[in-house]
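Asks: Have a look; sequence and predicted model below, questions after that.
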Amino acid sequence: MTVEGPDTPKPPAAVERFVKQLVVTMKAVVLYPPASSIPKENATEAVKMLASILQDRPEMRLGIQKEGVLYGGAIVYDGQPAYQAFARELYNRGLSEIRFHTGVSASHVTSFLSILKSTPADIASAGGFEGRLWELGVDTITVKEAAVRIVDTDASGIEDPDGENWPPDAGRFDEILEGALGGRPRDQRLLVRIIADGELLAGYLRETLTERGTDPNEAIRRLKIAELARAIAQADPNNRAANYRALSEAIAALDPEIRRKLLTERMLPEARNDEHLASVIRHIDIDQVCRWLVEGVTDDQLSVDGLARAIRNLALISLAERDSVVNAAGAAMRAAGVAESTVDDVLEIVSPSRLQVRGDAAAQPSEQPVDSILQLVNLAPGAVATQYADDPEFAALQEESRRGITDGDVVGALVTLATVDVHGAEFSAMMSLLEDAIELTIDRGDFVVAADAAEALASVAGDRELTANRRERIIKALTTMSSKRELAVVTKAMRMYDSGAVEYQACSRLLGALGGAAIGPLLEILADEPDMTARKALVDTMSLMADDYIEELAGHLGDPRWYFVRNVVAILGKTKSPELAGYLNRTLRHPDSRVRRETVRALSGVQERMAIEMLIAALDDPDAQNVQLAARYLGVSRAAGALPALRQVAMGEGRGNRE
């Protein structure tokens, strides 16, 4: 029995009650059949207890160790066998953390606990615990799965089964990294072991920097951060998030001066065009990144400009709102003792309250900062500025624009001028300006302007009298708005805002206007998203568009990544379109059983003879779960033609797995 002292941490009583009820519910799920009301009643009680805990927070986390369930570093009911056994059941299935999010239902709790009825081997073969949650439709309970450590990285000089002295020195590490990226299987296998270990990565970075002398620029040039990020992206997607975190931890262990220069001069600028580097930074807390950036900053203009540029790049690649990044940067500067005037200068550069027009200072009087923008009005048909030069209301409009014109106002004006005079002589000039500015609308969260611009451009692109060259310019502008980086901002906003909010509606309009051009980038975002809740939201968002873009979606079914194809099948299945059977014929024979299982689910919603025939064919699947699922859906369909095949299943005959 554990003896508690005055300094022994103890979880809150509400958490203890919830964990106790969770254990009771787990026993009910294991002992009673799924149709019984007892597991559901116990789960409902657990949900009520959880709701009181989640009143002032979006989620609750429980850590999992072999010794017990942890909350805030303290073991819940320390030393009590029932709770140790519960923790061991979770630990043996590879879990290191469970997160309960707002909106957990009783059915989600029972589905989550039902996975414990499967053996660890079965769970691993089905793609892991998180994969099982995905299949059960549980998106309010997410898990962190423990990475398997194959070697003891503290034991230097020990030869591993691959004949390597482990851990490798920096020179050998570089060889392994180069070979793995070049496709050498043995090096790829070794690299998988390296990138999963934050301590080993930190050791490599420190060793690489050992002989840097006094030149930090040479030091950061030698660090192969981008190559490591690319290697992580090419490794097992199930471990990708954990590997990005390991690399982030290694960067955190660097000398502050090197770390700041690495971020400001290499990682943040390059991450704007390198999604893998961006993913590394996204796995570091925003407040922490900002604290690193302000270390050693001074109030000279060069330092101010460099810091502002770094924060602006961080805002462009971060999944957090721009305002959140700006606020975090301001808080970090103030905490570091930076003068308030310098803080204001930096934040004004990052997020200007007024439009700044750059040019020759001598040629641009400071009291008239937007005159060059106002000259755009002169390019409109009819020489508006000349026509209304003596109009006092027009003069007032000019003065108002000088006082507070925004980037969104400029983009809106450019779109209007380009689309109203789409056949005019100034179209090319308008589009050149627009192509340089249109990304700002999404980057800065001005989704209403972005949606208006996309709808206007998409409408003009359909003009039959438009020349091919001008149509190509318009499509290029729309393609700029539908890049993976821009759409990641849009989809994140749709998760943050309520469906009735203006911002959410604007994002929805924007995706509708971008149409088929958004499908590919959205699928790539979905493939790279490590969080199950976010993936579920993306699938729901794309499902709303899927009816109009079945052919475009089906074009991605040949992708070599099984998880990518499964996502596409899941989205297509939401349409329940009769067209699906023809497209899903290839995924019913996919080499990965999880893709075939998702195909069976998708076919179950299609009311078409060919779909029934494909479900009958699925009864010959080598995976027992797929056979069971196909038999269930055929029973629900009451298709008379399925009776002979179902009879074979009942008798244990046929080519499929009858386990």
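Replies: Ah, there it is.
Asks: Regarding Arg186, what is its secondary structure?
Replies: With DSSP: H, G, I helix; E, B strand; the rest coil as the basis, Arg186 sits in helix.
Asks: low-confidence ranges in the stretch 101-250 of the chain?
Replies: Counting by pLDDT under 70, the stretch 101-250 of the chain contains low-confidence ranges at 146-167, 183, 209-221, 236-238.
Asks: 90 - rerun?
Replies: Low-confidence regions of the stretch 101-250 of the chain, defined by pLDDT under 90, span residues 101-105, 116-250.
Asks: List the residues that contact Val138.
Replies: Each residue near Val138 by CB atoms under 8 Å, 6 or more residues apart in numbering is listed here: His108, Ser111, Phe112. For glycine as for every other residue, the C-beta is placed from the backbone atoms N, C-alpha and C.
Asks: Top of the residues you listed by number of neighbours, please.
Replies: Phe112 (26 neighbours; other CB atoms under 10 Å).
Asks: Surely that residue and Ile141 touch.
Replies: Yes. Distance between Phe112 and Ile141: 4.9 Å, which falls inside the contact criterion (CB atoms under 8 Å).
Asks: Pull up the overlap in contacts between these two.
Replies: Taking CB under 8 Å, 6+ apart as the criterion, Phe112 and Ile141 both touch Leu133.
Asks: does Gly445 sit in a helix, a strand or a coil?
Replies: Under three-state DSSP, Gly445 comes out as coil.
Asks: wait, I meant Pro34
Replies: coil.
Asks: Need phi/psi at it.
Replies: Here is the backbone geometry of Pro34 (degrees, to the nearest 10): phi -60, psi -30.
Asks: Now do the same contact list for it.
Replies: Ser114.
Asks: got a pLDDT number for it?
Replies: Pro34 carries a pLDDT value of 73.
Asks: The one 3 residues further on too?
Replies: pLDDT, Ser37: 85.
Asks: Around it, how many other residues sit close by?
Replies: Neighbourhood size, Ser37 [other CB under 10 Å]: 10.
Asks: Check the one 5 residues further on too.
Replies: Asn42: 24 surrounding residues under other CB under 10 Å.
Asks: can you confirm it is in a helix?
Replies: Yes. With three-state DSSP as the criterion, Asn42 is assigned to a helix.
Asks: Now Asn567. Nearest residue, chain neighbours left out?
Replies: Excluding its sequence neighbours, the residue lying closest to Asn567 (CB to CB, 6 or more residues apart in numbering) is Leu526, at 5.2 Å.
Asks: doesn't Ala537 make contact with that neighbour?
Replies: No. Using CB under 8 Å, Leu526 is not in contact with Ala537; the gap is 9.8 Å.
Asks: Between those two, which is the more surrounded one?
Replies: The neighbour count for Leu526 versus Ala537, taken as other CB under 10 Å, is higher for Leu526 (22 against 18).
Asks: helices or strands up against the strand or helix carrying the more buried one?
Replies: Using DSSP states H and E, Leu526 falls within helix 519-528. Here helix 519-528 touches helix 484-496, helix 532-546, helix 550-554, helix 562-573, going by 3 or more CB pairs under 8 Å, 6 or more residues apart in numbering; DSSP states H and E.
Asks: where along this structure do the strands fall?
Replies: 59-65, 68-71, 74-75, 95-101, 141-145, 158-159, 165-166 (DSSP state E).
Asks: In JSON lines: those, plus mean neighbour count and distance to Val568.
Replies: Conversion of these to JSON lines gives the following (neighbours: other CB atoms under 10 Å; distance: least, CB to CB, whole Å):
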{"stretch": "strand 59-65", "mean neighbour count": "18", "distance to Val568": "29"}
{"stretch": "strand 68-71", "mean neighbour count": "22", "distance to Val568": "37"}
{"stretch": "strand 74-75", "mean neighbour count": "19", "distance to Val568": "43"}
{"stretch": "strand 95-101", "mean neighbour count": "18", "distance to Val568": "26"}
{"stretch": "strand 141-145", "mean neighbour count": "22", "distance to Val568": "22"}
{"stretch": "strand 158-159", "mean neighbour count": "11", "distance to Val568": "44"}
{"stretch": "strand 165-166", "mean neighbour count": "16", "distance to Val568": "40"}
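Asks: Could I get the phi/psi values of Gly103?
Replies: When read as degrees, to the nearest 10, the backbone of Gly103 gives phi 100, psi 10.
Asks: An error on my part: the question was meant for Gly137.
Replies: Backbone geometry at Gly137, expressed as degrees, to the nearest 10, gives phi 80, psi 20.
Asks: Distance of the closest residue to it other than its chain neighbours relative to Val138?
Replies: Residue nearest to Gly137 in three dimensions, not counting chain neighbours: Ser111, with 7.5 Å by CB to CB, 6+ apart. Taking CB to CB, to the nearest Å as the measure, Ser111 falls 5 Å from Val138.
Asks: Please enumerate the helices of the stretch 251-400 of the chain.
Replies: For the stretch 251-400 of the chain, the helices defined by DSSP state H, counting those that start in this stretch cover 256-261, 268-271, 275-282, 286-294, 301-317, 322-335, 340-350, 371-374, 384-387, 392-404.
Asks: can you tell which of these is closest to Ser248?
Replies: helix 275-282 (5.9 Å; CB to CB).
Asks: That closest one to helix 301-317, inter-axis angle?
Replies: Angle of helix 275-282 versus helix 301-317, following axes from the mean of the first three to the mean of the last three CA atoms, to 10 degrees, is 100 degrees.
Asks: quick one: helix 275-282 to helix 519-528, angle?
Replies: Angle, helix 275-282 to helix 519-528, by the same axes, to 10 degrees: 50 degrees.
Asks: now for helix 275-282, which elements pack on it?
Replies: helix 225-234, helix 240-252, helix 268-271, helix 301-317, helix 484-496.
Asks: Same list (these) but as JSON lines, adding mean neighbour count.
Replies: What follows is the helices and strands packed on helix 275-282, written out as JSON lines (neighbours: other CB atoms under 10 Å):
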{"stretch": "helix 225-234", "mean neighbour count": "20"}
{"stretch": "helix 240-252", "mean neighbour count": "21"}
{"stretch": "helix 268-271", "mean neighbour count": "20"}
{"stretch": "helix 301-317", "mean neighbour count": "19"}
{"stretch": "helix 484-496", "mean neighbour count": "21"}
